[in-house]
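A.B. asks: What follows is a predicted protein model with its sequence.
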Amino acid sequence: MLRRLTAAKDNTRDRRHNKENVLNMTDLIRIENVTKTFRMGEVEVRALRGISLVIKQGEFVSIMGSSGSGKTTLMDILGCLSKPTSGQYFLSGQPVENLDDNQLSDIRNYQIGFVFQTFNLLSRTAAITNVELPLLYSGVNKKERRSLARQALQAVGLEHRANHFPNELSGGERQRVAIARALVGNPQIILADEPTGNLDSASGKEIMELFKELHKQGKTIILVTHDKEVALYAERTIHIRDGKKIEDNLNHNTTEDISPIKKEAHRRTSFVGNLISGFSSGYKGLLSNKMRTFLTTLGIIIGVAAVIGTLGIGEGAKQQITSQIEKLGSNVVMVFPSRAESKEEALEWRGRSPGLTYNDIIAIENKIASAENVAPQIRSNERVKYLDKYWDTTIMGTSQPYRYIRNLELASGRFFNDKDVSDWSKVCVIGKTIVDELFDGKDPIGEEVRIKDELFTVIGVLTEKGRVGWEDFDDQILIPFTTAQKRFTGSDQINAIFIQARTSELAPVLQTDLEELLFELHNKVDDFRIRSQEQFQETIEQTANTMKLMLACIAAIALLVGGIGIMNIMLVSVTERTREIGIRKAVGAKRRDILVQFLIESTILALVGGLLGIVGGFLFANTLGNLFVGAGMMGPRFARGTEGQSVVTLSSILLSFGFAVIVGIFFGMYPANKASKLDPIEALRYE
């Protein structure tokens, strides 16, 4: 069976590389005067003290010694898991002590297979996944990887247990899985550390017979043990005591034919292969603890949803304001009175200018060709009474053109005309709110309301318009401006002048002409200010953008908190999976493989959190967000008759999602880097 496995793997590699290199019984391993010293605080422990030995290709060697003799340390050096403090180590004629971490990983992946006393299987992965682990880091595609792993399990008699987890296997079965993992890459050398130490005698005998069979296939086997019976399975036994070689004996000469081993040309793992293996390992690691993974992503979900939702609310409010301002009329320019900035300026102005009056309106109508409609405005807040009901509202004194400037429509009745203005008529046009509050559904046309002890006849009702920008047209009463002057203010001055340009292109010209005309009419006194509706809109949009940015920044804090959560969980994960990292490094994983694996895990957390956060952001923006836009941000009667809508834009989605991914990568980098730098020996011995 083992012959079939070896032949199948050799054929596969021959097809892939089209190259053979047959090794004879030559020096495979040679170490000269190797020492190893560990420092424990201020104390130095010398584990190896100048050991020299040679192991030839195809030998079956056992290394014996009591606990603490240094045999495991020697195996770690032979397996390129550790470097000697001094001395030289040659593997296939190549000096090992000067190789970097990646080169040592390649040797562990392609030339050495490890069988550990404690099996060192990944507990949360099936047997076949454990077996194919070395191939994961050698660029073998998934289909071939799975096929070779199944053949390796078949070779050790465990194909029927391929999908079982380590905790579902007996000790002997777990050791067979570990042997299959060591075999799957067809290495030159098998290193076994006390392979029968945790097995009963029957299982131990089966494992040793399996090693004998592997030896027949040309494998170089180095077995560390303290059991003399186990050591006798080898051709040669090296005895170690206190870090020194004391004996090197032949147990027996092999009389069986040993097949030459074919050494494969060196392969390099592709970058894509690294990403695929890292992604495979990463998502499996996350799925092994679903609740913790979900709780970790929750911070990202909340952060992304908050950013998208708040940006959607801000954008919705901005668009709603823009839409409502457009309802105020187009091409509108407004003139307001201005106060002197100092006492000296006030004294200079005194007596020179009458302020804004109806004469200014007449001059504008006669002298500025770009003006289409001109209307005054006298504004005050008054209490209105109808029968025994009272309501506080806005009284607006104006003229008929105001209706066209502000796009006001009538639901019933009529608007006051020029005759009403010239006769100081006590007539009024009321909004929908006034009708609801004072008339209880009764037709108000022809009814009289009392304003400041004066009775006014209702001649018209405005169509429901809602709050537009800063004005609520449903909660106001319009009267002739002359009536307001004679009955209420007692002055010929007005609060504002509204002018509508004939076209949008003429609006800037109108603004310039107004400034020149009024400056002349007011005897060169600059007691007025001119604003266009577009300027108001720009100011409001800038305010909305600032508010949106502020809300987004606040929401982004949740993303940062989520990122800190990722870092915390990944650090915990590195600690919990230290032994797993050691196993992966022992079978050939490079630093970059471990780095990519853990970085992919943190990135997956951010990606999943970002995607779920996008869904949450839509829900937030289209439920609570619309309530805020429709009620909170623009007042209790915002856009009455028009539902406020938050707007989720593609830019907000890309911004929040991209930021989430960056957060995941940034906060995952430190734990991933920490994991990649773990020493394989210390990681394997971590409890």
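C.D. replies: Happy to help now that I have it.

A.B. asks: tell me, which strand in the chain spans the most residues?
C.D. replies: Longest strand in the chain, counting residues (DSSP state E): strand 371-386.

A.B. asks: Now do the buried residues in that one.
C.D. replies: In terms of neighbour count (16 or more other Cβ atoms under 10 Å), strand 371-386 has its buried residues at 371-378, 384-386. Any C-beta I mention is one placed from the backbone N, CA and C, and that applies to glycine too.

A.B. asks: could you point out which element follows that strand?
C.D. replies: Per DSSP states H and E, strand 371-386 leads on to strand 389-398 as the next helix or strand towards the C-terminus.

A.B. asks: Can you tell me which helices and strands that following strand packs against?
C.D. replies: The elements that strand 389-398 packs onto, with contact taken as 3 or more Cβ pairs under 8 Å, 6 or more residues apart in numbering; DSSP states H and E, are strand 371-386, helix 432-434, strand 476-480, helix 481-484.

A.B. asks: how about a cut-off of 7 Å?
C.D. replies: For strand 389-398, the elements it packs on are strand 371-386, strand 476-480, helix 481-484, judged by 3 or more Cβ pairs under 7 Å, 6 or more residues apart in numbering; DSSP states H and E.

A.B. asks: Can you get me a residue count around the nearest residue to residue 503 once chain neighbours are set aside?
C.D. replies: Of all residues not flanking residue 503 in the chain, residue 331 sits nearest, at 6.7 Å (Cβ to Cβ, 6 or more residues apart in numbering). Residues within reach of residue 331, counting by other Cβ atoms under 10 Å, total 22.

A.B. asks: Show the contacting residues for residue 331.
C.D. replies: 500-501, 503-504, 507 (Cβ atoms under 7 Å, 6 or more residues apart in numbering).

A.B. asks: With residue 174 as the reference, measure out to it.
C.D. replies: Per Cβ to Cβ, to the nearest Å, residue 331 is found 84 Å from residue 174.

A.B. asks: Relative to the whole chain's centre, how far out is stretch 576-595?
C.D. replies: Its chain's C-alpha centre and that of stretch 576-595 lie 26 Å apart, by Cα atoms, centre = their mean, to the nearest Å.

A.B. asks: Ramachandran coordinates for the nearest residue to residue 165 once chain neighbours are set aside?
C.D. replies: Distance criterion Cβ to Cβ, 6+ apart; nearest residue to residue 165, sequence neighbours excluded, is residue 126 at 5.9 Å. Reported as degrees, to the nearest 10, the phi and psi values for residue 126 are phi -70, psi 170.

A.B. asks: coming back round to it: report the angle between the longest strand of the chain and strand 476-480.
C.D. replies: In terms of direction (axes from the mean of the first three to the mean of the last three Cα atoms, to 10 degrees), strand 371-386 departs from strand 476-480 by 120 degrees.

A.B. asks: strand partners of strand 371-386, parallel vs antiparallel please.
C.D. replies: Using DSSP bridges, the strands paired with strand 371-386 are strand 389-398 (antiparallel), strand 448-451 (antiparallel), strand 496-501 (antiparallel).

A.B. asks: what is the rounded mean pLDDT of the longest one?
C.D. replies: If you average the pLDDT over strand 389-398, you get 94.

A.B. asks: What residues sit buried inside it?
C.D. replies: With burial defined by 16+ other Cβ under 10 Å, the residues of strand 389-398 counted as buried are 391, 393-398.

A.B. asks: which residues touch the spatially closest residue to residue 66 that is not a sequence neighbour?
C.D. replies: Distances taken as Cβ to Cβ, 6+ apart put residue 226 closest to residue 66, at 6.1 Å, once the chain neighbours are dropped. Counting by Cβ under 7 Å, 6+ apart, residue 226 makes contact with 64-66.

A.B. asks: for residue 239, same thing?
C.D. replies: Taking Cβ under 7 Å, 6+ apart, we find residue 239 in contact with 64-65, 246-247.

A.B. asks: make it 10 Å
C.D. replies: Counting by Cβ atoms under 10 Å, 6 or more residues apart in numbering, residue 239 touches 62-66, 69, 71, 231, 245-249.

A.B. asks: And the pLDDT at it?
C.D. replies: If you check residue 239, the pLDDT there is 93.

A.B. asks: Against residue 551, how distant is it?
C.D. replies: Shown here: residue 239 relative to residue 551, a distance of 75 Å by Cβ to Cβ.

A.B. asks: what's the pLDDT at the residue nearest to residue 503?
C.D. replies: If you check residue 331, the pLDDT there is 84.

A.B. asks: Likewise for residue 685?
C.D. replies: At residue 685, the pLDDT value in this model is 78.

A.B. asks: cool, residue 5 as well?
C.D. replies: Residue 5 carries a pLDDT value of 48.

A.B. asks: So for the longest helix seen in the chain, mean pLDDT?
C.D. replies: Looking across the chain with DSSP state H, the single longest helix is helix 533-576. If you average the pLDDT over helix 533-576, you get 76.

A.B. asks: Can you spell out which helices and strands pack onto that helix?
C.D. replies: Packed against helix 533-576, as judged by 3 or more Cβ pairs under 10 Å, 6 or more residues apart in numbering; DSSP states H and E, are the following elements: helix 271-287, helix 290-326, strand 332-337, helix 507-521, helix 578-586, helix 591-622, helix 650-676.

A.B. asks: how about 7 Å then?
C.D. replies: Contact analysis of helix 533-576 by 3+ Cβ pairs under 7 Å, 6+ apart lists helix 290-326, helix 591-622, helix 650-676 as its packing neighbours.

A.B. asks: For that helix, what is the distance to the chain centroid?
C.D. replies: The mean C-alpha position of helix 533-576 is separated from the chain mean by 12 Å, Cα atoms, centre = their mean.

A.B. asks: same thing with stretch 171-190?
C.D. replies: Remark: stretch 171-190 is offset 40 Å from the chain centroid, using Cα atoms, centre = their mean.

A.B. asks: in that stretch, what counts as buried?
C.D. replies: Buried residues in stretch 171-190, counting neighbours by 16+ other Cβ under 10 Å, are found at 172-190.

A.B. asks: what pLDDT, on average, does that stretch get?
C.D. replies: Mean pLDDT, computed over stretch 171-190, is 90.

A.B. asks: and the end-to-end length of stretch 151-165?
C.D. replies: Terminal residues of stretch 151-165 lie 18 Å apart, using Cα to Cα, to the nearest Å.

A.B. asks: from here on, count from 50
C.D. replies: Sure, I'll start numbering at 50, so the last one becomes stretch 200-214.

A.B. asks: Would you point out the helix or strand in the protein whose mean pLDDT is lowest?
C.D. replies: Within the chain, no helix or strand scores below helix 51-66, which has a mean of 45 by mean pLDDT, DSSP states H and E.

A.B. asks: check contacts around the closest residue to residue 504 other than its chain neighbours.
C.D. replies: With Cβ to Cβ, 6+ apart as the criterion, residue 504 has its nearest non-adjacent residue at 4.7 Å, and that residue is residue 497. Applying Cβ under 7 Å, 6+ apart to residue 497 gives the contacts 504-506.

A.B. asks: of those residues, buried ones?
C.D. replies: Neighbour counting by 16+ other Cβ under 10 Å classes residue 505 among the contacts of residue 497 as buried.

A.B. asks: how far away is residue 345 from residue 619?
C.D. replies: Distance of residue 345 to residue 619, computed by Cβ to Cβ: 9 Å.

A.B. asks: Overlap of the contact sets of those two?
C.D. replies: Counting by Cβ under 7 Å, 6+ apart, residue 345 and residue 619 have no shared contacts at all.

A.B. asks: Fine by me, we can end here.
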